[in-house]
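**Student:** attaching a predicted model along with its sequence, questions to come.
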Amino acid sequence: MTQSHRKLIGTVAILVFVCVYALVAMALAQGRITDAPKLVQTIAYIALGLAWVLPLLPLIKWMERKDEV
């Protein structure tokens, strides 16, 4: 598979994942987090805002892999 094909597939996968993740994060933020103290809310929002990166790192590395000759 060429790098351009991997980038296309990876971009579509990232878009789908981020859309689904945003919905899940919003549902979590509207749930119990609203009743928590401000410090806990801040930490939770920071964690939710950054947590999407970790599952996508292997996909991004796969997308950037050079073509095999």
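**Tutor:** The structure has been received and is ready for your questions.

**Student:** contacts, neighbours, all on C-alpha from now
**Tutor:** Noted.

**Student:** how close does the spatially most central residue of the chain get to residue 35?
**Tutor:** In the chain, the C-alpha nearest the mean C-alpha coordinate belongs to residue 52, at 2.6 Å (CA atoms, centre = their mean). Using CA to CA, to the nearest Å, we find residue 52 at a distance of 23 Å from residue 35.

**Student:** following element in sequence after the helix ranked longest in the chain, please.
**Tutor:** Looking across the chain with DSSP state H, the single longest helix is helix 3-30. Toward the C-terminus, helix 3-30 is succeeded by helix 38-50 as the next helix or strand (DSSP states H and E).

**Student:** any buried residues in that following helix, and which?
**Tutor:** Neighbour-count burial for helix 38-50, with 16 or more other CA atoms under 10 Å as criterion, is recorded at 41, 44-45, 48.

**Student:** any chance of these in JSON lines, with pLDDT too?
**Tutor:** Shown next, in JSON lines, are the buried residues of helix 38-50 (pLDDT from 0 to 100):
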{"residue": "41", "pLDDT": "92"}
{"residue": "44", "pLDDT": "92"}
{"residue": "45", "pLDDT": "92"}
{"residue": "48", "pLDDT": "91"}
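
**Student:** pull stretch 42-55 out as CSV, backbone CA atoms only.
**Tutor:** The C-alpha coordinates for stretch 42-55 follow below in CSV (Å, rounded to 0.1, in the frame of the first residue of the first chain):
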residue,chain,number,x,y,z
THR,A,42,-10.6,21.5,35.1
ILE,A,43,-8.5,18.3,35.3
ALA,A,44,-11.2,16.3,33.7
TYR,A,45,-11.7,18.8,30.8
ILE,A,46,-7.9,18.8,30.2
ALA,A,47,-7.8,15.0,30.3
LEU,A,48,-10.8,14.7,27.9
GLY,A,49,-9.3,17.4,25.6
LEU,A,50,-6.0,15.5,25.3
ALA,A,51,-7.0,11.9,25.5
TRP,A,52,-7.9,11.5,21.9
VAL,A,53,-4.3,11.9,20.9
LEU,A,54,-3.0,8.7,22.5
PRO,A,55,-5.1,6.2,20.5
